[in-house]
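[1] need a structure here:
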Amino acid sequence: MDLAKYCVQAVLVEGRSVREVAGATGTSKSWVQRRVERYRTGGDDALLPKRRGPKVPPNLTPGVVEDSIVRLRKSLTDHGLDAGATTIAWHLEALGMPTPSRSTIHRVLARRGFVTAQPQKRPRTSWTRFEASLPNECWQSDMTHWHLEHEVPVEIINFIDDHSRAVLASHVVDVATAAKVVELFFATTGRFGLPASVLSDNGAIYTASYRGSHTGMEIELAALGITFKHGKPYHPQTQGKVERYHLTLKKFLRKQPLVGTISELQAQIDRFVHLYNEERPHTARGCPPMHAYRALDKATIEIDGQRMPAHTKVRRDKIDDTGCVTLRYRSKLHHIGLGRAHKGRRVLILVADRDVRVLDQDGAMLRHLELDPSVDYHRRDRHNL
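    Down below sits the predicted model:
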């Protein structure tokens with residue numbers, strides 16, 4: 001613009017010719033002449049550079065799409081759910097709307113004031129990332145704190161699948177103990193099968209190695225041949241997936257009304273787990289976690305050379321006075337004879353479809369049989385234990 005003003009003033013004020021001014025400034029006569037004519041009709045404003053290209057860029061995000069992005073951001077945030085670019089893109093696609101790229105959605109949110117820059121964060125590329133290749137290859141478990149009305153403290157025990165991020169159990173208790181962790185673990189395996197390994201921190205409910213002892217969880221997993229791993233002390237990143245779930249869960253709970261009982265809080269968490277597993281995409285998977293969990297065959301363990309498929313059950317029982325334990329198969333109750341000599345003994349029952357193994361507390365096999373669905377009472381066979 002300064003060059004244009006110089007040329008105009010040289011021609012109109014100083015009275016120099018267009019040819020002379022063009023030669024002195026290294027421009028063409030036509031360029032100088034056009035600036036002079038523009039100045040005569042529009043003054044200094046006419047010398048400002050004009051915007052090139054179309055008035056409306058063809059790749060500009062339509063206003064209706066931007067408004068939908070903002071509306072989804074507000075709605076998800078108000079419900080205490082993740083509202084990042086990936087999640088918003090998934091919801092736009094589910095609504096059948098035009099879906100911009102993640103980077104475009106992020107720019108829209110930043111432009112509308114929904115994103116605060118955090119340059120102090122460590123870049124994700126600097127982390128060493130691990131992910132199990134199959135569902136049930138590794139479960140992560142941890143406990144976190146919450147509270148009821150009047151600041152009554154409670155604790156939440158969680159199990160998630162490392163591969164899919166599916167929440168397999170999220171259970172509220174008054175105080176998390178080693179026994180309650182074992183109970184929840186076996187209840188979870190009854191629904192999802194046995195994992196090949198379990199990863200936890202070094203909390204007292206998971207390990208007692210620093211006390212020179214063993215917790216119930218360590219004993220039970222060792223008896224089943226399941227690898228039990230622990231992260232480094234004071235390094236929660238090792239169990240990063242379950243730790244991240246804690247943040248997401250608490251973000252949701254802060255948006256919910258405080259309740260006065262454990263059962264009411266459990267109902268809130270059950271509702272959230274359904275949303276988390278089935279109705280919202282996980283950033284790392286690009287789909288709801290339970291969709292990823294169901295998509296692949298499950299990793300399994302082997303016990304005495306027997307592969308334990310995903311449709312397995314684990315039960316703890318006590319042999320009754322008749323020397324039997326009961327087992328339900330396809331809604332029908334079956335009695336399995338073990339002998340009166342074993343009455344009162346605690347046993348572990350491993351069920352893989354119709355393959356049934358009954359073990360004592362030391363892991364010794366008391367009976368191994370194939371369940372016959374047509375028979376109610378399975379007599380003890382001394383020759384095929």
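
[2] Might one say that Ala284 is in contact with Ser164?
    No - taking contacts as Cβ atoms under 8 Å, Ala284 lies outside contact range of Ser164: 9.4 Å. C-beta here means a position set from N, CA and C on the backbone, and glycine is covered the same way.

[3] With neighbour numbers in mind, choose between those two.
    Ser164 (28 against 14; other Cβ atoms under 10 Å).

[4] Hmm, the more buried one is touching Cys287, no?
    No - counting by Cβ under 8 Å, Ser164 stays clear of Cys287, with 9.1 Å between them.

[5] Please enumerate the helices of the stretch 101-250 of the chain.
    Assigned by DSSP state H, counting those that start in this stretch, the helices in the stretch 101-250 of the chain fall at 102-111, 178-192, 216-224, 240-253.

[6] all strands in the stretch 1-150 of the chain, in order from the N-terminus.
    With DSSP state E, counting those that start in this stretch, the ranges of strands along the stretch 1-150 of the chain come out as 139-147.

[7] show me the residues around Arg316 that make contact.
    Contact analysis of Arg316 by Cβ atoms under 8 Å, 6 or more residues apart in numbering lists Phe186, Arg346, Val347, Leu348, Ile349.

[8] Of these, which belong to helices?
    Among these, the members found in helices (DSSP state H) are Phe186.

[9] which among the contacts of Arg316 end up buried?
    Buried members of the contacts of Arg316, scored by 16 or more other Cβ atoms under 10 Å, are Phe186, Val347, Leu348, Ile349.

[10] Now distance to Val32 too, for those residues, in a markdown table please.
    Shown next, in a markdown table, are these (distance: Cβ to Cβ, whole Å):
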| residue | distance to Val32 |
| --- | --- |
| Phe186 | 89 |
| Val347 | 102 |
| Leu348 | 97 |
| Ile349 | 97 |
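
[11] Need the max-distance pair from these.
    Spanning the widest gap among the buried ones among the contacts of Arg316 are Phe186 and Val347, at 13.2 Å by Cβ to Cβ.

[12] contacting residues around His79?
    Per Cβ under 8 Å, 6+ apart, neighbours of His79: Phe252, Lys255.

[13] try 10 Å this time
    Applying Cβ atoms under 10 Å, 6 or more residues apart in numbering to His79 gives the contacts Lys251, Phe252, Lys255, Gln256, Phe272, Leu275.

[14] Now do the domain split for this protein, please.
    Per automatic domain parsing, the structural domains of the chain span 2-47, 63-117, 139-281, 311-378.

[15] Compare those and give me the one nearest Tyr293.
    Of all the domains of the chain, domain 139-281 sits nearest to Tyr293, with 3.9 Å by Cβ to Cβ.

[16] Quick check: chain neighbours aside, which residue is closest to the residue sitting nearest the centre point of the chain?
    When Cα atoms, centre = their mean is applied to the chain, the residue found nearest the centroid is Arg165 (4.3 Å). Spatially, and ignoring its direct neighbours in sequence, Arg165 is nearest to Pro289 (4.3 Å; Cβ to Cβ, 6 or more residues apart in numbering).

[17] And for Thr144?
    Counting by Cβ to Cβ, 6+ apart, the residue nearest Thr144 is His246, at 4.5 Å.

[18] My guess is that neighbour contacts Ser141. True?
    No - the criterion here is Cβ atoms under 10 Å, and His246 misses it with Ser141 at 11.7 Å.

[19] quick one, which of these two is more surrounded?
    Comparing His246 with Ser141 by neighbour count (other Cβ under 10 Å), the higher total belongs to Ser141, at 26 against 19.

[20] Just list whatever residues bridge to the more buried one.
    For Ser141, the beta-bridge partners are Phe159 (DSSP bridges).

[21] In contact with it, which residues?
    Neighbours of Ser141 in contact, by Cβ under 10 Å, 6+ apart: 157-160, 168-169, 181, 184-185, 188, 195, 198-201, 203, 205-206, 217, 228, 239, 242.

[22] Give me the buried entries from those.
    Applying 16+ other Cβ under 10 Å to those flags 157-160, 168-169, 181, 184-185, 188, 195, 198-201, 205-206, 217, 228, 239, 242 as buried.

[23] quick one on the thing from earlier: in TSV, list the domains of the chain along with distance to Arg294 and mean pLDDT.
    Below are the domains of the chain laid out as TSV (distance: least, Cβ to Cβ, whole Å; pLDDT from 0 to 100):
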stretch	distance to Arg294	mean pLDDT
domain 2-47	65	85
domain 63-117	18	82
domain 139-281	8	90
domain 311-378	13	85
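
[24] Next one: Gly344 from Asp2, what distance?
    Applying Cβ to Cβ, to the nearest Å, the value for Gly344 to Asp2 is 101 Å.

[25] And stretch 341-352, how far out from the chain middle?
    37 Å (Cα atoms, centre = their mean, to the nearest Å).
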